[in-house]
Every structure is written in C-alpha cells, then in structure tokens.
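Asker: Give me the fold of what follows.
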Amino acid sequence: MTTPSSRILIVDDTPLNLKMASAALKSGGYEIDTAADGRSALERAVLFQPDLIILDVMMPDIDGYEVCRRLRRMPAFAQRPIMMLTANDTLEERVRGLEVGADDYMSKPFQPVELQARVRALLRRAAPAPPQPLEAQGRTIALFSLRGGVGVSTLATNLAAGLAQIWGEPVALVDLALISGQSALMLNLPMRTTWGDLADVPVADIDSDLLDQVLMAHSSGVRVLSAAARAEQSELISGEKVRYILDLLRKHYAYVVLDLPHDFGDTTLAGLDAADEVLLLLAPEIASVRAATCALDVFAELSYPDTKVTLLLNTTVAQGGLARADIETALRRPITQALPYAAELYLSALNRGVPPVLELATKPLGALLERWSFQLSSAEHRARRPASPTPAWLRLAQAAQPRKAH
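Answerer: Numbers count the residues shown, from 1 in each chain. Sure, this is the predicted structure:
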C-alpha cells in the first residue's frame, strides 16, 4: 500500500549512500530500516518485514543480486517490490536484475525526487488488482504460429495491454512458451513469480488465491503468468494443469490472452482448445505461408470450426513481401486481419518493455493497435458504452464519429 506508514529497508555498504537514501524517504513519512551488507539485509528483512526493499548491487560478502534471489525464494517476499541501485547502469546489469526478480533498477548518483517517485510507483504496483467476479466468463484469445519471428509475443502483449486500457478491467496474459517466453520482459516485469511456482502444486490445490499470488501485475492492468524461470520447471507443467488454470482464469478475467509457442505440444494444444478465437499469424514470405498451411491442416484434423481461426497477416518487412492476394490463393482462405509494417512495434516492447499501444496511444501506430484490440473484444463489450469510459475507449469513440463536412 502507498501510505506514509509503509516500511522500507535500504541496503548499502556505503554509509553516505545509506544516509542520503534514508533522508530522502523519511521526508515522505516512510518508516526506514537499514543494513550495510547482504547477510544483515536478509536478517533485517525477516525481522522488519518491509513493504519495499532497496538493494545496492555491489556489496562485499553477498551482492545485491544474490540477496534478491534469496528473498524471492521466501514466500513472504515473493511479491514485495525490490529496487536495485548501482553505479553500473548497463543493459547487461538491468537484464541480470530482472532475471533475479528485481522490480526496478536505478543508477547512482540519484536525485531524491526521482527516488521518491519510483518508490511511490512500486508501492502502488504492489497492491494486487482484484480479479473479476467468479460468475464472469472471460473471452480467451490465443496467438499462434508454427514459425518464429512473426510477432506472436509482441502482438499478444500489445493486445493484452490494449484490452486492459480500453475496458478498464484486468486482463490475464498467459505465456505458454514455457521455456523461453518473453511476455514478462516485454512489459519490463521481473520474473519473480512464474509457471515454475505452479510446477509442483497438484491441480486440486490450485485456486484463484494462489493464481493471484503468481500472476504479476503491470500498471496497464495486465496480469502476467510468466514463462518458467528454469527449463526443468517447464517439464513439470502438464496439459491437464494448463487446461485447469485457463478455465479458472476465464472465470475471473474479462479477457485471457495466450502467447503460444511454435509447436503442437500438449500444453500448446490445451491453450488452442481453450481459446474462443485463435489468431494464426503469418508473415508475407514463403516459409511462413507453408507453416500456416501446416497449422490449418492440423486445425482441420482437430475439428476446429472455421469461425474459431482468424488469419492475421503481420507485415514484418518494409518491402518485397508476398502479395496478400497470392497468400490467400495459396491458403485457399481469406486473410481477415492485416497489420502494416512498423519497426517500432518490435523495438519498443522488446528492448524497453514498453508496448506501443501504451507508449504511442495518441500516435498512428498506437491508434491502430487500439482499434485492433477493440475489434477483438467481446460482442457484449463492443455493443455498449461503458459506465465509466476510459481514455482509450473515448479515443476510439471519437475516431469512429463521421467528420463534419466543411
């Protein structure tokens, strides 16, 4: 909770840094405790039970990364926000911090105002978003391709964020690329809780409260069930467990978006079976068209109705791609959705963890992704005006109004 009584543990082996950070946060009314090394930090965390922890990276005995890793193994600190402080603000350091479960990364020296702002933001994000009422039956949308590099994860992330922004309701984003999924990184979320936390839990013991603890909250309203942190954990996830969890999620979320791997494994089939709509992605090149043909053949063998599968052409090249009409002829099926080439669609989300549907909401690309998300919304949602329209919904409504003739 973001209240003046929130407790913050600051860990740094430099006395001056401890004093400066403590002074900056005490002025905001927070209760502060400190530790000068990694071992003391673990002890103080257990005794003080802070709402947020600020960790220096470079410490003599146990560095900040290892302290963070050990804290995340403790049930009491699996979800509490952790910020890393370092003088080495490099991409490698940031990635390493995310991998061990840090929520934010700030370089030294810092400005007190920025530190206070980031602390407030982390404490706000730590408050769990309430799930939908149990009687709700959400819409499940799966994004799939047998060929990599066509934007499955990128578009799944933007769709989830777009739906959350339009309807103002939490959306579950489920990464079923269990070994190497990127959904969490595309939202700049640390993999502090993942599918791995459900690997050893019997299906009968999984309920909405446990899922709420494992799902990571993003400020957009998206809740992410991240890929497993270790490959061996993914092997313990069965198709039966995936089916059960997806059914549970759709009872609590208006939308469940599935980021699927490029295979027909048991867990992938569980996701495809659970989907109300499957977006089959393809790029305008021969290998992608061939992969789409193979996928359509399998869908036919699975007796999926044609209405369940939508062909989505994602233009991943600036020029030289196959013509849409030629692709439709080869597949003997119309392409009902197409997205134009946009390099920033991939660079923004993958490198900085900021999907264009959020960052560029008022720009052409953001508007395009918002319209696309709206088109994939449930018929019930699209048919009525929300009681409290979001800025995204109002933008869409205004854009849909016919322009007045001059």
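Asker: low-scoring pLDDT stretches of the stretch 201-350 of the chain, where are they?
Answerer: 343-350 (pLDDT under 70).
Asker: one more time with 90
Answerer: 201-209, 228-236, 314-321, 337-350 (pLDDT under 90).
Asker: Which stretches in it count as strands?
Answerer: Taking DSSP state E, counting those that start in this stretch as the test, the strands found in the stretch 201-350 of the chain are 216-217, 222-225, 255-259, 277-282, 309-314, 337-339.
Asker: what's the most buried one of those?
Answerer: Highest mean neighbour count among those (mean count of other CB atoms under 10 Å): strand 255-259, with a mean of 30. (Each C-beta comes from the backbone N, C-alpha and C, glycine too.)
Asker: Check the contact between Leu279 and Leu312; I expect there is one.
Answerer: Yes. Contact criterion CB atoms under 8 Å: Leu279 and Leu312 qualify, at 4.8 Å.
Asker: shared neighbours, those two?
Answerer: Leu155, Gln337 (CB atoms under 8 Å, 6 or more residues apart in numbering).
Asker: which one of the strands of the stretch 201-350 of the chain lies closest to Ile206?
Answerer: strand 222-225 (11.7 Å; CB to CB).
Asker: which other helices and strands contact that closest one?
Answerer: helix 152-167, strand 171-175, strand 216-217 (3 or more CB pairs under 8 Å, 6 or more residues apart in numbering; DSSP states H and E).
Asker: Out of the ones you listed, which gets nearest to Pro109?
Answerer: The nearest among the helices and strands packed on strand 222-225, by CB to CB, is strand 216-217 at 29.8 Å.
Asker: Provide the strand pairings for the closest one, with the direction of each partner.
Answerer: strand 222-225 (antiparallel) (DSSP bridges).
Asker: For Ser6, see how far away Ala342 is.
Answerer: Going from Ala342 to Ser6 by CB to CB, to the nearest Å gives 40 Å.
Asker: quick one on the thing from earlier: dump the strands of the stretch 201-350 of the chain into CSV; add distance to Gly97 as well.
Answerer: Listed next are these as CSV, based on distance: least, CB to CB, whole Å:
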stretch, distance to Gly97
strand 216-217, 15
strand 222-225, 17
strand 255-259, 23
strand 277-282, 31
strand 309-314, 31
strand 337-339, 32
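Asker: which one of those strands lies closest to Ala397?
Answerer: strand 255-259 (19.4 Å).
Asker: Give the other helices and strands that the closest one contacts.
Answerer: Partner elements for strand 255-259 (3+ CB pairs under 8 Å, 6+ apart): strand 139-144, helix 152-167, strand 171-175, helix 239-250.
Asker: for the next helix-or-strand element following the third one, what is the average pLDDT?
Answerer: Yep, that's strand 171-175 we're talking about. Proceeding N to C from strand 171-175, the next assigned helix or strand is helix 183-186, under DSSP states H and E. The average pLDDT for helix 183-186 rounds to 87.
Asker: got the CA coordinates for helix 183-186 in CSV?
Answerer: Taking C-alpha atoms only, helix 183-186 is exported to CSV below (Å, rounded to 0.1, in the frame of the first residue of the first chain):
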residue,chain,number,x,y,z
SER,A,183,5.9,-11.8,-22.2
ALA,A,184,7.2,-10.5,-18.8
LEU,A,185,10.3,-8.8,-20.4
MET,A,186,8.1,-7.1,-22.9
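Asker: What segments of the stretch 51-200 of the chain are strands?
Answerer: Under DSSP E, counting those that start in this stretch, the stretch 51-200 of the chain gives strands at 52-56, 82-86, 104-107, 139-144, 171-175.
Asker: most neighbours per residue, which of the ones you listed?
Answerer: strand 171-175 (a mean of 29).
Asker: can you list the residues that contact that strand?
Answerer: For strand 171-175, using CB under 8 Å, 6+ apart, the contacting residues are 138, 153, 156-157, 160-161, 163-164, 181-184, 187, 195, 215, 221-227, 245-246, 249, 252-259, 271.
Asker: Can you go through the residues you listed and name the buried ones?
Answerer: For the contacts of strand 171-175, a burial check counting by 16 or more other CB atoms under 10 Å picks out 138, 153, 156-157, 160-161, 163-164, 181-184, 187, 195, 215, 221-227, 245-246, 249, 252-259, 271.
Asker: what's the burial count for Asp63?
Answerer: Using other CB atoms under 10 Å, Asp63 is surrounded by 16 other residues.
Asker: is it true that Ala254 touches Gln137?
Answerer: No. Assessed by CB under 8 Å, Ala254 is found out of contact with Gln137, at 9.1 Å.
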